[in-house]
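# just the structure for this:
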Amino acid sequence: MSRPWRDAWPLAARADDRNHWVTGTCWLYCRRRDVRVLWIGSVTTPGATGDVYGCGPCVAELAHMARVQAHERDRIPDHPEGSTSARWAKER
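Residues are numbered from 1 along each chain as shown. Okay, here's the model as predicted:
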């Protein structure tokens, strides 16, 4: 099945865009401090909640990972093991 929209994703957020960037700590991959970060969501763990912030490069990496997962899911439509998350859960 052709899905031309799949490759037309918007660009990931960047520190010079019009989003509300603040100075803080990146909660994602680099964990740098005192960098421009963007709130990307909340996290809930047993007994605690928090706001997750990511710097530009880490937000771009997260967006890339989401695109890869979407492409993998689309390769095998309606197949129970077609999704990355299903394969990951099976491997655990």
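
# flag every buried residue along the longest strand anywhere in the chain.
Using DSSP state E, we find that the single longest strand of the chain is strand 35-45. The neighbour-count check on strand 35-45 (16 or more other Cβ atoms under 10 Å) flags V35, V37, L38, I40 as buried. Backbone N, C-alpha and C define where each C-beta goes, glycine included.

# surely the second one and G54 touch.
Think V37. Yes - between V37 and G54 a contact is recorded at 6.0 Å, counting by Cβ atoms under 8 Å.

# check contacts around W39.
H20, V22, D51, V52, Y53 (Cβ atoms under 8 Å, 6 or more residues apart in numbering).

# go again with 7 Å.
Neighbour list for W39: D51, Y53 [criterion: Cβ atoms under 7 Å, 6 or more residues apart in numbering].

# same question, R14
G56.

# same deal with D51?
Contacts of D51 by Cβ under 7 Å, 6+ apart are W39, S42.

# just the element for it, please.
If you go by DSSP states H and E, D51 is part of strand 48-55.

# so what strands line up beside that strand?
strand 35-45 (antiparallel) (DSSP bridges).

# then stretch 56-63 to CSV, C-alphas only?
Output of stretch 56-63 as CSV, limited to C-alpha atoms (Å, rounded to 0.1, in the frame of the first residue of the first chain):
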residue,chain,number,x,y,z
GLY,A,56,16.9,20.3,20.0
PRO,A,57,19.2,17.4,19.0
CYS,A,58,17.5,15.0,21.4
VAL,A,59,14.0,16.0,20.2
ALA,A,60,15.2,15.4,16.6
GLU,A,61,16.5,11.9,17.6
LEU,A,62,13.2,11.1,19.3
ALA,A,63,11.3,12.2,16.2
